[in-house]
Structure formats: C-alpha cells, structure tokens
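*Asks:* I'll drop the sequence and a predicted model, then ask my questions.
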Amino acid sequence: MVALFVILTIIGFILVDSVVQWAEARQGRTARLPALRPTLAFETTSIPAGLFLDEGHTWVRLEPSGRTFIGMDEFARRAIGRVDAVELPKVGATVRRGDPLFAITQEGRRAVFRAPLDGVVTAVNETLTRHPEAGRLDPYEDGWVCTLMPKNLAAHLRHLFVAEEAQAWLRCEIERFKEFLTWRPVPPAALGHVLQDGGQWTDGVLEALDEASWEEFTRTFLRSPRPAER
Amino acid sequence: MKWSIRRPGFWRLVFLVILGAGLYSTIVRFTGGLGASTALSDAFPWGLWVGFDVLCGVALAAGGFTLSAVVYIFNIERFRPIVRPTILTAFLGYLLVIVALLFDLGRPYRIWHPLVMWNPHSVMFEVAWCVMLYTTVLALEFSPMVFERLRLERPLRILHALTVPLVILGVILSTLHQSSLGSLYLIVPEKLHPLWYSPLLPIFFFISAIALGCAMTIFESFLSYRAFRKRLEIALLADLGKVIVVALAVYLVLKVQDLAGRGALAQAFEPTYEARMFLAEMTLGVIGPMLLLSVRRIRTDHFGLFVSALLVVLGFIMNRLNVSITGMEASSGVSYFPSWTELSVTFMIVALGFALFGLAVKYLPIFPEMEREVAPPPAVAVLRRPWMGTTPLVLTLGGIFFVGALGLAYSGLLHRERTLASWPRLEEEEPNIAEGLERLNIPPDVTFPQGEGSLGPVTFRHASHIDWERPDCTVCHREPFRILKIKGSAPSPPARDWHDARHCGRCHDGKTSFSAHEECTACHQP
C-alpha cells in the first residue's frame, strides 16, 4: 500500500509538472532563449561541377535523353531558409526563358524563380508539395522541382554558368549578398552585427528580414519579374 | 534569490508549503518523539523514513559510484561529462539520508556511537561505517567543484593527485554499502515474505543499484534539461540505456533462479497481496524498461529514454518499499500507513534535495561547458516514415507496462486483508516440551570462590534450578542474572551482594524457596 502510494505520488508530481510546463508555454512565460543554430561557412561549399547555374539562382542538369532537371540552387536555399510551400508548374505547360517557372512561400511572402530555358514541363517533384523542406540538405538532388523538355537548348546554354565560371560567379553573388545585408536592418539574433567583423550569415537569414528586404532580394538576386510583369 | 527565473511561481510556492509542513513536523518529532510524530510501533519499527528516505535515497545515489567506476577505473573517457552531476546527486543523496536517519533514530544524538563503540558482528555497524566513510569520500570527490569556483589552486592539485585512490575507495565503500542494506534484511527470515527474503538479498540490492544508478543519471539529466536547458548528451545516455538492459537482465535471471531454488516461484502467481505487489514491481522496474530500452529507436529518443529511466526508478523504489514495508506487514500483525507528519518530513527532505541540486548547478561548475541546448537542425522531411512515430510507440509500450503494474498492485490491495491475516503466527504453536527436554543443553556447574567472612564456597548447579516440567532459561537470564561474563570455570569474586533481591535473593526469599539470609549452609558448603 505504501509502495503504491509513493509511486502514485511521484507520478502525480510529474503530471502536475507537465501541466505547469504546458501552462507556462501557453502563456509564453518560459522565456526561451533564442536557439543557436549551427552556421556553415558558405564560402567553402561548392556546386557539382557538371551543373549549369542561371543568374536567377536556379540550376539545370542535362540528361542524355535531352530532358533537363531544374531546381533552386544552394545559395537561394540557404539564404531563404524555411520554405512553407512550393508552387509547382503545371505538367505540359510551355515556358520561355525568363518566365516565372515556380515559386516558394514563406510566412505569406512569395519568391518567384525564373525559367532558365525554353521548353515544356514534363514532370514535377510531388514530394515538395507534401514536404516543402525536402531539398534542404541536398538542393541538387532531392530538391529538384521539375523537368523540362527543352527547346533552343544550345542557344540558351550560352547564358548559363558552368564549372569554374559558376564557382566564380557564385563567389561574386556571396559578396554581393553580404553587401546587401549590411544595408538591411538585421536583428541581432541573426548575427548581423558581427558580419562586418568577418562573421558569417546564418542559414535562413531572410527569415529575420522585413518585407522590403525580401522584395529587394527577389528582385536583385532571383531577378524575378516585377509584380506588374507577372 | 534569482535562481527561480526558470522555475517561476508554482513550484516555488509548493516548495514553501512543503517546507512549512516539514518544519512543523520536525518540531513535533524532536519535542514529542517518534510516537507523537509517526505511525511506527514496536511491532512495525521501520516505516517510510527507513524504507523510502534511507533505502531509496542510497539506491538512487548509486549513479555516483557507477559512473565514476566507468570513467576512472574502466577508463571509458566518453562518459566524463556526466560524472560531475552524478557525484553531486550522490553527495546530496547521502547527506539527505543522514538527515533522514537523524529523524528516524530514537536517540539521534547518539548517532556517533558506532565511531567508538564497535560491534563488528552487527550489519548495522557495517552500514553505519559505510555511510560515514562514503559520505566523506563523496565530499572529497565533490570538493573540486567548490575549489574551482573559488579558484583555490593548491587544494585542487592535492585532490587531483588523490582522485584515483579516492574513486577506488568510493567504489568499494558504496558496493559494500548498497549490498549491506540488503544484508540488513538477512536477519529477519521469519518476518520478511519469502518472495523478497533471500540469502542473495545483498547481491540483488547491488545489481539493482547499478541499473538504478544509470537510470538516475538519465533521469537527472532530464531534470537539468527541464530546469536549466542544459545540453543533453543523448548518445552517452543511450549507451547507459544499454548498460541498464544488461544489469536488468542479470537481475531478472538471478531473481527467477533464486525464487525457483527456494521453491518460492509458485508463490509469485498466487492471488495474494504480496505476490501482486511483487509482480507489479517486476513489471514496472525490470521487464518493462528492459523491453523498451532494447529497441534502438526508443533508446536514442529523448522521450523514450526518459520514460524508460522513469520506469526503472519507479520500479526499484517499489522494490525497496516492498522489501522494507510490504513484505514485513503480514508478519508484524499491524497495518502500517505513514502519518501525515512522516509524509511531510519525507516531502521536505526530497524538496530540499531538489533545491540544493538547483543551487549547486547554478553556482558551481557542475556541467563542464555550461552550454545551453542547441536547437536541432530543422527537421528535414522524412520520405520513408516508420509505421509508428517514436513518441506514440513509447507512450503505448510504457503505458501498457505502467498501467499493467498499477493494475497488479491494485488487485494486490483487494487481497490485502485476507493475505495479512493468513500469516502463520509463531505464538500459536504449542511448545513441544518433550522434544525440548531431549535437546536441553544445561551449562556446567559454576563454583564461586569463597569470599571474606564466608562460610565456604558456593557451587551453583543449573540442573537443580530448572523447572523440569517447563524448562525456561529466561526466568533468570532476563533480569536477575544477565548472562554472566565467566571466563573458564572460575568466576570472578562477586562485586556485589549476591544475597540481595536482584540476585539469589530474588527467589531465595523464604517464600518461593528457602531464604538466602537464614539457611547459609544450604549453599555455602565448607
């Protein structure tokens, strides 16, 4: 009887504590510290040497069949961070280079990615509708968005960056992004204030930035068409 | 008191209420005595304070010796980051055990007696010395944390040199101590229920202490995480989970072997109060966590580890209370349930433990890097989902074992009255005098030398002082003649008057037998 009583008392205390924790979390009284995130040095990352990059931060992989895989590159992926949803193109749609191809949303704001090539959409990655974050770790494999059967491929390939060119261009983009960040009101939590001292920006730094910065980012980095042009 | 930032209002309030009630009961205990403050009696002298505060307190402090043996003796360095919190727990545990002992001892101001009044034949003597020595060792093991905080270099260096001998001493002492608490119950084979009484009790206590020590380490890591958002060393804790599985498996095999060997295995499945409590204890503390922790997915999961460790802790708290209370209830013939004052003292001691742990973690370098929990990287969508999430799996399995154990314990309560009444009473047996006479081994005659002014020496014959109808040594050897210290056959000359009413004169008073003051030559024979 005593043994049972003691056991039940302990369980009672644990249950009460869970209720207390739950209540505190609901009232927001547990002043949770800003969680630290592992930061990866962006400079050290590389892109697969056989991929073509577009200046709108999409990547293109050619298959021997002529079909091309297209997705968002790692730079865009890591600058944007969390992705709430991916708007996929329609299978069978015909797109021209520079047209909006797909878009992602984050807390109601939208970033549109341009099509790097002309062609017809032949397949889309349905996994992304259920798990928009699927491409987070490997944007060049799991993160593919759609496949195109391209037209005028030879002509358009000249506008894309590949191999050493792509690396060099990416380095420039990173520098440009740092400059972009220095002009932006970055909250301290995103480690913005040490950027000038040689610090790194964290993954998903755009999550912490305001609407104006978001618009500016999509315009100058993704080279999205302006809303009026859509 | 700024340390409550992380634990606001509610628990602090509870702490104050518990402390208030505990202090009141303390006053009652030390002014009114044990009778006024506890439900204990001569028939049931060891209750909640011994069963929970002392037995469970010591067992729950076992993480200290387990982990320090792993790191310093077996040299498995990976576990070093969690040694300090376990030493802290062990130290606090032992301090609180001593506090509880001061409450429970009838005359607590005599607690130092075993230091000078040695009785090496007593288990209690071993227990007392182990507590004293191991607390000292723990204090020394704990002191570097204080010295580091105060930046005292010299004592730190000395202690550093002493670490390994200290740890070895600590491991030996606490091995002795964990098992000697089991040995305490070896002396009551006729009182403790056969499901728990076993010649192997010390070994059971020791093996379960290893499992319990690891479980407590996991459990307190989670407490620190809850209170201070300390980083959890999940990989290390999962390895401790493996150790628990092995220790529990050894325990289970030994336990079943022991029950079978003593022919008590069948009793475990009879519909009695003790059997159900025993099954509940085994389900909760041994079988359940063994199965849970064998699953890798559960072992490496926060919630899974927590639930498994909790089951082990609860199961072995139940075990210690079953040995000390449940198993003794039937033979004592009384029904024991602690009074509210007893409960409040126990609550106060546990609450003090929590508060001290909190203060120590706050102000001393207990956790090496003082790192806050780093949020895990954002979840990447899992493409292949397992058939069941880990948390629901843990809740289902843990729930089954827990509810099962509670059900068993409850069904035990239904059988309680009947079972307790059916314990064979020793008094009810008729003494078999004929057999006793055959076995009666009467001591030899004792000759007292002739004193000054005496008529002659006296030879005492045990044979002529026995009632042969109902021989009973305790008629004399209880009060008038305690067992006399006689070396060889020549007793020392009497230091007192043998004729008075406390010795021979007790019976030789002229009424029960002839008078010692009148018929001198009946005894003194020149």
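*Replies:* Noted; the coordinates are in hand. Since the structure is predicted, the reported quantities are computational estimates derived from the model, not experimental observations. Numbers count the residues shown, from 1 in each chain, chains lettered A, B, ... in the order given.
*Asks:* list the buried ones in the helix or strand where B:V350 lies?
*Replies:* Using DSSP states H and E, B:V350 falls within helix B:340-363. Using 16 or more other CB atoms under 10 Å in any protein chain shown as the test for burial, helix B:340-363 gives B:341-355, B:357-358, B:360-361. C-betas here are computed from N, CA, C, even on glycine.
*Asks:* those strands in chain B, which residues are they?
*Replies:* B:446-448, B:458-460 (DSSP state E).
*Asks:* Next up, the contacts around B:R84.
*Replies:* B:R84 makes contacts with B:145, B:365-368, as judged by CB atoms under 8 Å, 6 or more residues apart in numbering or on different chains.
*Asks:* try 10 Å
*Replies:* By CB atoms under 10 Å, 6 or more residues apart in numbering or on different chains, B:R84 lies in contact with B:67-68, B:141-142, B:144-145, B:360-361, B:364-368.
*Asks:* Quick check: which of those residues has the minimum pLDDT.
*Replies:* Within the set of the contacts of B:R84, pLDDT is lowest for B:P368 (60).
*Asks:* Which element, helix or strand, includes the most centrally placed residue in chain A?
*Replies:* The residue lying closest to the centre of chain A (CA atoms, centre = their mean) is A:R77, at 2.7 Å. Using DSSP H and E, A:R77 falls within helix A:74-80.
*Asks:* Can you point out the buried residues in whatever helix or strand comes next after that helix?
*Replies:* Sequence order places strand A:85-87 as the next helix or strand after helix A:74-80, per DSSP H and E. Neighbour counts over strand A:85-87 (16+ other CB under 10 Å) mark A:86-87 as buried.
*Asks:* before we move on, back to that, for the helix holding A:R77, which helices and strands make contact with it?
*Replies:* For helix A:74-80, the elements it packs on are strand A:58-62, strand A:100-106, strand A:109-114, helix A:163-182, helix A:211-220, judged by 3 or more CB pairs under 10 Å, 6 or more residues apart in numbering or on different chains; DSSP states H and E.
*Asks:* Quick check: which helices or strands does the last one pack against?
*Replies:* Right, the one you point to is helix A:211-220. Using 3+ CB pairs under 10 Å, 6+ apart, helix A:211-220 sits against helix A:74-80, strand A:109-114, helix A:163-182.
*Asks:* Would you mind finding the most buried of these?
*Replies:* Mean neighbours per residue, mean count of other CB atoms under 10 Å in any protein chain shown, is largest over these for helix A:74-80, with a mean of 22.
*Asks:* domains of chain B?
*Replies:* Per automatic domain parsing, the structural domains of chain B span B:9-374+B:387-423, B:443-526.
*Asks:* gap between the helix holding B:V350 and the chain center?
*Replies:* Helix B:340-363 sits 19 Å away from the centroid of its parent chain (CA atoms, centre = their mean, to the nearest Å).
*Asks:* Give me the buried subset of the contacts of B:R84.
*Replies:* Buried members of the contacts of B:R84, scored by 16+ other CB under 10 Å, are B:67-68, B:141-142, B:144-145, B:360-361, B:364, B:366-367.
*Asks:* Find the nearest non-adjacent residue to the residue of the stretch 201-350 of chain B found nearest chain A, please.
*Replies:* Nearest residue of the stretch 201-350 of chain B to chain A: B:L321, at 3.8 Å (CB to the nearest CB). Nearest residue to B:L321, sequence neighbours excluded (CB to CB, 6 or more residues apart in numbering or on different chains): A:A3, at 3.8 Å.
*Asks:* Please apply the same query to B:M124.
*Replies:* Per CB to CB, 6+ apart, closest to B:M124 is B:L184, 7.2 Å.
*Asks:* what's near enough to touch A:E165?
*Replies:* A:52-53.
*Asks:* Now tell me what touches stretch A:150-159 from outside.
*Replies:* Applying CB under 10 Å, 6+ apart, the contact partners of stretch A:150-159 are A:52, A:54-55, A:60, A:62, A:66-68, A:70, A:94-97, A:115-120.
*Asks:* repeat that with 6 Å
*Replies:* A:68, A:97, A:117-119 (CB atoms under 6 Å, 6 or more residues apart in numbering or on different chains).
*Asks:* Can I get the residues you listed in JSON lines including neighbour count?
*Replies:* Output for the contacts of stretch A:150-159, formatted as JSON lines (neighbours: other CB atoms under 10 Å in any protein chain shown):
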{"residue": "A:T68", "neighbour count": "22"}
{"residue": "A:R97", "neighbour count": "20"}
{"residue": "A:L117", "neighbour count": "26"}
{"residue": "A:D118", "neighbour count": "18"}
{"residue": "A:G119", "neighbour count": "26"}
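*Asks:* Tell me the one among the residues you listed nearest to chain B.
*Replies:* Using CB to the nearest CB, A:T68 comes nearest to chain B of the contacts of stretch A:150-159, at 23.2 Å.
*Asks:* Please tell me how far A:P150 sits from chain B.
*Replies:* 28 Å (CB to the nearest CB, to the nearest Å).
*Asks:* is it fair to say that residue lies in a strand?
*Replies:* Yes - counting by DSSP: H, G, I helix; E, B strand; the rest coil, one finds A:P150 located in a strand.
*Asks:* Find the nearest non-adjacent residue to it, please.
*Replies:* A:G119 is the one closest to A:P150 (CB to CB, 6+ apart), at 4.0 Å.
*Asks:* tell me the two of the contacts of B:R84 that are most distant?
*Replies:* Spanning the widest gap among those are B:S68 and B:V361, at 18.4 Å by CB to CB.
*Asks:* What residue in chain A comes nearest to chain B?
*Replies:* A:H131 (2.8 Å).
*Asks:* Burial check on that residue, number of neighbours?
*Replies:* Number of residues near A:H131 (other CB atoms under 10 Å in any protein chain shown) recorded here: 18.
*Asks:* Buried residues in stretch A:5-12, which are they?
*Replies:* Quick answer for stretch A:5-12 (16+ other CB under 10 Å): A:6-7.
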